[in-house]
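S.K.: how would this look folded up:
(chains A and B)
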Amino acid sequence: EAQVTQNPRYLITVTGKKLTVTCSQNMNHEYMSWYRQDPGLGLRQIYYSMNVEVTDKGDVPEGYKVSRKEKRNFPLILESPSPNQTSLYFCASSTLIYNEQFFGPGTRLTVL
Amino acid sequence: DQQVKQNSPSLSVQEGRISILNCDYTNSMFDYFLWYKKYPAEGPTFLISISSIKDKNEDGRFTVFLNKSAKHLSLHIVPSQPGDSAVYFCAASASNNDMRFGAGTRLTVKP
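M.R.: Okay, here's the model as predicted:
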């Protein structure tokens, strides 16, 4: 089954404790992206990647890091989480030709 | 700076009637527009798209209209069904997969 998976689905952590949210897709997509969803603001792009070892900042990259060492994986790293990073996070992937992105199920992160 | 705006946070319609969801954008470089549907506890799923070279695209009960001069697009659902109740996101991109989303409109279809 073609899908984007994210782990964990739910995470409660404390300020400053480094964490990683994993994202993996099995569709051989070149493009992968991370978004955060906040009430009234919709989906805002954090980082995206057009291919292995190629990453770019989106609208709200501050406080986040990403890496793309393999085509299928695109982890999101919060080196020192803060309460304003409490949000619902989505990973997505697509081909480079067609813009229709496939989304993962989301990760709800709470930073205390 | 929100380049894609959905000014109606919510919309309620009766089953069988038409639902019209609206979206405005500011960036004239956008050339591809999409609508996604999102149910609670799930990721958004692609619904329908339109290229800037067209002004209408239809897929079953769903039709998207694009008015480039007004920088406006709309999604029509006819007839609306209770299963259409979800949050709908409008999105736009400028040929580089860099996607911008609106804030979403929560559609409720009443039986």
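S.K.: which regions of the chain lie under the pLDDT threshold?
M.R.: Let's take chain A. Along chain A, the parts satisfying pLDDT under 70 run over A:97-98.
S.K.: wrong one, chain B
M.R.: The model of chain B has pLDDT under 70 over residues B:1, B:96-97.
S.K.: Surely A:Q45 is in a strand?
M.R.: Yes - counting by DSSP: H, G, I helix; E, B strand; the rest coil, A:Q45 is located in a strand.
S.K.: who's in contact with it?
M.R.: Listed by CB atoms under 8 Å, 6 or more residues apart in numbering or on different chains, the contact partners of A:Q45 are A:33-35, A:58-60, B:98-101. For the C-beta atoms, the positions are set from N, CA and C on the backbone; glycine is no exception.
S.K.: For chain A, which residues are neighbours of chain B?
M.R.: A:4, A:31, A:33, A:35, A:40-45, A:48, A:50, A:56, A:58-59, A:90, A:92, A:94, A:96, A:99-106 (CB under 8 Å from any CB of the partner chain).
S.K.: Inside strands: which ones of these?
M.R.: Within the residues of chain A next to chain B, residues falling in strands by DSSP state E are A:4, A:31, A:33, A:35, A:42-45, A:48, A:50, A:56, A:90, A:92, A:94, A:102-103.
S.K.: I'd like to know which of the residues you listed are buried.
M.R.: Buried positions within these, assessed by neighbour count (16 or more other CB atoms under 10 Å in any protein chain shown), are A:4, A:31, A:33, A:35, A:42-45, A:48, A:50, A:90, A:92, A:94, A:102-103.
S.K.: Count the residues that sit near A:T5.
M.R.: 14 (other CB atoms under 10 Å in any protein chain shown).
S.K.: Just the CA trace of stretch B:39-52, in CSV.
M.R.: The C-alpha atoms that make up stretch B:39-52 are tabulated as CSV, following Å, rounded to 0.1, in the frame of the first residue of the first chain:
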residue,chain,number,x,y,z
TYR,B,39,-10.9,14.4,8.3
PRO,B,40,-10.1,14.5,12.1
ALA,B,41,-7.1,12.5,13.1
GLU,B,42,-6.0,12.0,9.5
GLY,B,43,-3.7,13.7,7.1
PRO,B,44,-5.0,15.8,4.3
THR,B,45,-6.0,14.0,1.1
PHE,B,46,-5.8,15.4,-2.4
LEU,B,47,-9.2,16.2,-3.8
ILE,B,48,-8.9,18.1,-7.1
SER,B,49,-6.5,20.4,-8.8
ILE,B,50,-6.4,23.0,-11.6
SER,B,51,-3.6,24.4,-13.7
SER,B,52,-3.5,28.2,-14.4
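S.K.: Buried residues, that stretch. List them.
M.R.: Using 16+ other CB under 10 Å as the burial criterion, the residues of stretch B:39-52 that qualify are B:43-44, B:46-50, B:52.
S.K.: Let's have those residues in a markdown table, adding secondary structure.
M.R.: Putting the buried residues of stretch B:39-52 into a markdown table (three-state DSSP) gives the following:
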| residue | secondary structure |
| --- | --- |
| B:G43 | coil |
| B:P44 | coil |
| B:F46 | strand |
| B:L47 | strand |
| B:I48 | strand |
| B:S49 | strand |
| B:I50 | strand |
| B:S52 | coil |
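S.K.: between those residues, which is closest to chain A?
M.R.: Minimum distance to chain A across the buried residues of stretch B:39-52 is 3.2 Å, recorded for B:G43 (CB to the nearest CB).
S.K.: Appreciated, that's everything.
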